[in-house]
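>>> structure for the following, please:
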Amino acid sequence: MKTLQFNTPVCLIQVLALCLGLLWPHFSKAAGKEKAVAEKEPELPPLALYVTTFTAAFDSAESIQTYLGKPASQLTKKVANKRVKGQTDKVHTFTWADAEVVLFESGGEPYVHPISIKLRRDPKGFKPDISIGSSRKEVEKTIGKPNRKEGNQDFYRQAEGGISLTVTYDDAEKVKEVLMTFDLEGMR
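From the prediction side, this is the model:
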């Protein structure tokens, strides 16, 4: 009987190459998933996600009027920038019977951002996750427990990004008013 002789290093390389060839599709899929997870945008906390829908929609006088209609009054005030000597910024206040939006406009770089948004009605053609008439339970399910409760108001604060939200409820614990404020120093 004749025994087969194997060249051990060559045989081992061939076996490894065969295994690698059979398993390669599994490795490449796993690597692709890891890459996709690594490249995925970080998730925003619920409060930031809710508020971001408004900051994106209310980033100019034109977009605000698209959602809230023509304001009953509009005031523009020029203010000296405390950080940039010689720069004058603008603060625009738009008022309706049931809403108010205050925008900051930088006199230097092209930058417009809300300072505050107060709503006692839902914007036209814009359906936020929390709307006027939502229950307190729906609000907490959407953005979590408030940092503080006081009477018919819940106060939310997210230090990162300088976001504050005050939700006022009626006697039936339905949302009556939403007030968002932004600390621009914390956002830039």
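>>> when you work out contacts or count neighbours from here on, use the C-alpha atoms and nothing else.
Will do.
>>> which helix or strand contains the closest residue to Val178 other than its chain neighbours?
Leaving out its chain neighbours, the residue that sits closest to Val178 by C-alpha to C-alpha, 6 or more residues apart in numbering is Val167, at 4.8 Å. Val167 belongs to strand 163-169 when assigned by DSSP states H and E.
>>> check which helices and strands that strand sits against.
Identification of packing neighbours for strand 163-169 by 3 or more C-alpha pairs under 8 Å, 6 or more residues apart in numbering; DSSP states H and E yields strand 153-158, strand 175-182.
>>> which stretches of the chain form helices?
8-39, 46-57, 61-68, 136-143, 184-187 (DSSP state H).
>>> so what secondary structure elements neighbour the second one?
Here helix 46-57 is seen to pack against helix 136-143, strand 153-158 when contacts are counted using 3+ C-alpha pairs under 8 Å, 6+ apart.
>>> would CSV of those with mean neighbour count be doable?
Shown next, in CSV, are these (neighbours: other C-alpha atoms under 10 Å):
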stretch, mean neighbour count
helix 136-143, 16
strand 153-158, 18
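>>> between those, which gets nearest to Ala72?
Nearest to Ala72 among the helices and strands packed on helix 46-57 is strand 153-158; the distance by C-alpha to C-alpha comes to 26.9 Å.
>>> please look at Phe94 and Phe104 and confirm they touch.
No: Phe94 lies out of contact with Phe104 (C-alpha atoms under 8 Å); the separation is 11.7 Å.
>>> isn't Ser134 up against Glu177?
No: applying C-alpha under 8 Å, one finds Ser134 not in contact with Glu177, separated by 10.4 Å.
>>> care to break this structure down by domain?
If you go by automatic domain parsing, the domain ranges for the chain are 1-40, 46-187.
>>> tell me the average confidence for the longest one?
What that stands for is domain 46-187. What domain 46-187 shows for mean pLDDT is 88.
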